[in-house]
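Colleague: the following block contains a protein sequence and its predicted model.
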Amino acid sequence: MIRIFCLFLISLLPAAGCIWDRDTWREEAKGRIDTLKAITGWFDRYPPRYYEMRLERVTKELEANPQKLDLYDDAGVACNRLGRYDEAIAWMAKKKAVLDTIQETSANMERYRYHANLGSFLGNRWATRPAAERNADLSDLKEATEHIAQAISLNPEAHFGREKYQLKLFEWLQTPAEQEDPAWVPEQNFLGVPFAEKQLRPGGLLKYPELADAESGLAGLIHLGSAWESIDVFDALASVLQADGASSLALLAEMRIQELEGEGHQSLHPSGGHSRRSHGPYVQSSWPLREWFASTRAQAKVREAAWVTYQAERFDRGLHPDTHPDFWEGWKEPKFPELPKPPMTTQEKATVFVAVVAGLIIGAIGIFIGLKWKKAKARNRALAFP
């Protein structure tokens, strides 16, 4: 009888449905530390003086030895990071002049770097112009697209496929809204995945094998490129994460987009990105994630300030990472914050409640039966010994 009653109580427990919140946020984030750091800004972004010192040094070295091709890249990237795009592009022209004197097959990697860097510099020069000027003159963007395509043909796997997604972005930015394919909708991102597909269940990316490396490629654009302040790149990253079932990380990417919008950033697409939508559905009870994002962003800013101060003190002594191997020996990297444990869902709370009630009832029944048995035993003993 008791066994039947216990089985009845167990049958009252809610079935554990297959919902995304059943997977902990930490499980979703496993193997995705680079993505989390890209979303929260927990990665190295060097201060201007770092590039100024490098530029001064390599300029002198190139004057002494113009054949050191890698130094042209150092000089160009330094100017690009400093926002001196015309100078960055000029450095690539100087590299091209030297490359033209070398047999093509003997310097393929240098040619790849030339095209990859020049494409990025041209794209950045275009992107930093006022919106009206950008949309009126796409010449830089078109030339940038050609160079990135050439870089990919020379080295398809570089930077975890980063250039492939850079190319997709550049091509998408050249397609005015009024001339889009009929299937295009304003909220579509440069991956070519319609908004409806962003709400796929886990494994949704299996429909798009060409996007298998999208997460690492987009994170690479943020870490290694200039996409830390790009709404378009974070929009694409949120879509990929959502379609892959990592709804908690998609929410964090959406929060970064909202942060950028609050700072005045907009999509670079001619449509202006006014129809961009959020990437739901997200996790239930999202407030712990929102608090974690705010806290981690604050800690990332503190880390960055300490990182810059550390370098500034050494720059003042004439030290630089390029020339002093022990430059980073005194740097202590702060621990990256762990994601919080998700709160219980309504279903899980109901399960725990029923389990507790069932336990109390079973315990009460056990006590009742125990008391009954004790009384019966005492009565039998009294009858046996009158």
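Modeller: Sure, I can see it.
Colleague: show me where pLDDT drops low in the stretch 151-300 of the chain?
Modeller: Within the stretch 151-300 of the chain, the segments meeting pLDDT under 70 span 159-160, 177-188, 193-207, 272-285.
Colleague: what's the spacing between Gln299 and Ser226?
Modeller: 23 Å (C-beta to C-beta, to the nearest Å). (Glycine included, C-beta is placed from N, CA and C.)
Colleague: what are the ranges of the helices in the stretch 51-200 of the chain?
Modeller: 69-81, 85-99, 108-127, 131-136, 139-154, 162-173 (DSSP state H, counting those that start in this stretch).
Colleague: give me the distance between Arg32 and Leu154.
Modeller: 30 Å.
Colleague: and Trp228, by the same measure?
Modeller: In this view, Trp228 and Leu154 are 26 Å apart by C-beta to C-beta.
Colleague: same thing with Tyr46?
Modeller: Taking C-beta to C-beta as the measure, Tyr46 falls 27 Å from Leu154.
Colleague: so the two - more neighbours on which side?
Modeller: Leu154 (17 against 14; other C-beta atoms under 10 Å).
Colleague: burial measure for the closest residue to the more buried one other than its chain neighbours, as a count.
Modeller: Among residues not flanking Leu154 along the chain, Tyr112 sits closest, at 4.0 Å (C-beta to C-beta, 6 or more residues apart in numbering). Tyr112: 19 surrounding residues under other C-beta under 10 Å.
Colleague: hang on, Tyr112 packs against Ala151?
Modeller: Yes - using C-beta atoms under 8 Å, Tyr112 makes contact with Ala151 at a distance of 5.3 Å.
Colleague: and for these two, which residues touch both?
Modeller: Ala158 (C-beta atoms under 8 Å, 6 or more residues apart in numbering).
Colleague: I'd like the average pLDDT over stretch 367-384.
Modeller: For stretch 367-384, the mean per-residue pLDDT is 67.
Colleague: check stretch 311-329 too.
Modeller: For stretch 311-329, mean pLDDT is 97.
Colleague: list the buried ones in it?
Modeller: For stretch 311-329, burial by neighbour count (16 or more other C-beta atoms under 10 Å) applies to Gln311, Arg314, Phe315, His320, Phe327.
Colleague: so the third one versus Thr323, what's the distance?
Modeller: Phe315 sits 12 Å away from Thr323, going by C-beta to C-beta.
Colleague: Pro176: neighbour count?
Modeller: Pro176: 12 neighbours (other C-beta under 10 Å).
Colleague: my guess is it meets Ala136, correct?
Modeller: No - look at Pro176 against Ala136 with C-beta under 8 Å: they stay out of range, at 11.5 Å.
Colleague: and the helices in the stretch 201-350 of the chain?
Modeller: 214-224, 231-243, 247-262, 287-315, 346-384.
Colleague: now for the second one, which elements pack on it?
Modeller: Identification of packing neighbours for helix 231-243 by 3 or more C-beta pairs under 8 Å, 6 or more residues apart in numbering; DSSP states H and E yields helix 33-40, helix 162-173, helix 214-224, helix 247-262.
Colleague: got the CA coordinates for the first one in CSV?
Modeller: Included here for helix 33-40 are C-alpha records, laid out as CSV according to Å, rounded to 0.1, in the frame of the first residue of the first chain:
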residue,chain,number,x,y,z
ILE,A,33,36.0,31.4,-23.7
ASP,A,34,37.3,33.3,-26.7
THR,A,35,33.7,34.2,-27.6
LEU,A,36,32.9,35.3,-24.1
LYS,A,37,36.0,37.5,-24.0
ALA,A,38,35.1,39.0,-27.4
ILE,A,39,31.6,39.9,-26.2
THR,A,40,32.8,41.4,-22.9
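Colleague: start the count at 48, not 1, going forward
Modeller: That works, and once the first residue is 48, the last one we named lands at helix 80-87.
Colleague: please identify the buried residues of that helix?
Modeller: Quick answer for helix 80-87 (16+ other C-beta under 10 Å): Asp81, Thr82, Leu83, Lys84, Ala85, Ile86, Thr87.
Colleague: on contacts alone, who are the packing partners of it?
Modeller: helix 261-271, helix 278-290, helix 294-309, helix 334-362.
Colleague: can I get those helices in CSV including distance to Glu210?
Modeller: Putting those into CSV (distance: least, C-beta to C-beta, whole Å) gives the following:
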stretch, distance to Glu210
helix 261-271, 8
helix 278-290, 13
helix 294-309, 21
helix 334-362, 27
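Colleague: okay, now Lys141: neighbour count?
Modeller: 14.
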